[in-house]
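> here is the input, now give the coordinates:
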Amino acid sequence: MSAPVAFARVLRAAGMEVTTGAVAAYVEALDAVGVRSPDALYWSGRATLVHRPEDIPTYDAAFAVFWDRSGRAAVPDESQNEVVEVLRDDEDVPEEGGGDAAPQGRTIEVRWSPTEVLRHQDLATISDDERAELHRLLDRLRFTGARRRGRRRTPGPSGRLDLRRTVARAMRAGGEPLHLEWTEPGERRRRVVLLLDVSGSMAPYARALLRFAHAAVVARAHVEVFALGTRLTRLTRHLATHDPDAALAHATEAVLDWSGGTRLGDTIGEFTDRWGVRGMARGAVVVVLSDGWDRGDAAVLGEHMARLSRVAHRVVWVNPLKATPGYAPLAAGMAAALPHVDQFLEGHSVASLEQLAEVVAC
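Numbers count the residues shown, from 1 in each chain. The predicted structure follows:
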């Protein structure tokens, strides 16, 4: 068995979809660029054998084990047998001498992590068997949030003289002000507002993003969650329970227009008028999780986004479609909103949501 074919077999055993045509293209690419350079080996395989971004970690792990630094395959020559063992990180190595006799030849052991693969997998492609692990990853997200300067003052080494504490300390020393006490501005957590699009076009991602919102609500205070559809629905109270399944059930029941239409301009405008400019969005990090498709007037969405950006500390837009190869923000609503957005992020995987949590914490 030739080395490229054996490598393709290892990738298939690790869970990747590698077609015969892809293997043929890989062989042709190696014939064209040669096999002396490890970079040529790596990128020839990346270009021909990998067709989904979530498969890249699996490919990298298999490549690191299969090919050595000199560009030679870690298998014997074609006259010998090769044994490929693909193990999960949580599996033990099979004991030698147990069961059937092992074939002669060199054994190649490739370990892969289903958790790491799932972190980069598109949320829209998650199977029912993988959903429990996905929920576990989302529940483990660390959501801290940035801090801002507060109105209350706290004791500090310098700043403003704290006359009350200075006098109190002086009275304990016989009335002599031997030490001066100072105060400095304290800090408080910056409010985070999550505006989640629950329209039909966001259906493949909405439940996972709502699970992310629940993790944010239970992790810290000063987090508000709203659903955007044909109407605006406040979900913070429904998500304020530590049971994630119960929280999602209550939230989806409260949203009467779940997987319906969307009027981003009207709903964001309602949030800005009713909640945002009155204090909830002032100095806050506002995160809009939406694909940008809007049935309403795009100019209305742009106008309300401009108002929102003027009162918020930072506006972050999270679009799961941004990870699609060749994506461009051509939708009218997305194009109207982008000039008023501080950061434009992906939101298609657990890894991208982990990045969002880090962005919000800055």
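> what residue of the chain is the furthest out?
Residue farthest from the centre of the chain, counting by Cα atoms, centre = their mean, is G174 at 60.1 Å.
> name the element that one belongs to?
Assignment of secondary structure by DSSP states H and E places G174 within no helix or strand.
> again with the one 10 residues further on
Counting by DSSP H and E, the secondary-structure element that holds E184 is strand 182-189.
> can you give the domain ranges for the protein?
3-120, 138-144+190-361, 149-188 (automatic domain parsing).
> quickly compare those domains and say which is most buried.
Greatest average neighbour count among these goes to domain 138-144+190-361 (a mean of 19), per mean count of other Cβ atoms under 10 Å. Bear in mind the C-beta positions are built from the backbone N, C-alpha and C, glycine included.
> what's the closest non-adjacent residue to H179?
Nearest non-adjacent residue to H179, counting by Cβ to Cβ, 6 or more residues apart in numbering: R169, 5.9 Å away.
> go ahead and confirm the one you found touches E176.
No - the criterion here is Cβ atoms under 8 Å, and R169 misses it with E176 at 9.8 Å.
> next helix or strand past the strand holding E184?
For strand 182-189, the following helix or strand on the C-terminal side (DSSP H and E) is strand 192-197.
> distance of the nearest residue to P204 once chain neighbours are set aside from P325?
Among residues not flanking P204 along the chain, A124 sits closest, at 3.5 Å (Cβ to Cβ, 6+ apart). According to Cβ to Cβ, to the nearest Å, A124 and P325 sit 15 Å apart.
> ditto for E358
Distance of E358 to P325, given as Cβ to Cβ: 24 Å.
> if we can go back for a sec, against P185, how distant is the residue nearest to H179?
The gap separating R169 from P185 is 22 Å, by Cβ to Cβ.
> cool, T144 as well?
As for T144, its distance to P185 is 20 Å (criterion: Cβ to Cβ).
> can you check S349 too?
Taken as Cβ to Cβ, the span from S349 to P185 is 39 Å.
> cool, H120 as well?
For H120, the distance to P185 - Cβ to Cβ - is 41 Å.
> residues touching stretch 153-166, excluding its own?
P177, H179, L180, E181, W182, T183, E184, P185, G186 (Cβ atoms under 8 Å, 6 or more residues apart in numbering).
> using the three-state scheme, assign the second one.
Read that as H179. Secondary structure for H179, judged by DSSP: H, G, I helix; E, B strand; the rest coil, is coil.
> what are the phi and psi angles of it?
Main-chain dihedrals, H179, degrees, to the nearest 10: phi -130, psi 140.
> and it, what pLDDT?
Confidence at H179, expressed as pLDDT, is 86.
> how far away is it from V167?
Distance, H179 to V167, by Cβ to Cβ: 11 Å.
> for the first one, same thing?
Between P177 and V167 the computed distance is 8 Å (Cβ to Cβ).
> pretty sure V5 contacts A24?
No - the criterion here is Cβ under 8 Å, and V5 misses it with A24 at 9.9 Å.
> contacts only, for A312.
If you count contacts by Cβ under 8 Å, 6+ apart, A312 has them with V193, G276, A281, R282, G283, A284, V285, V286.
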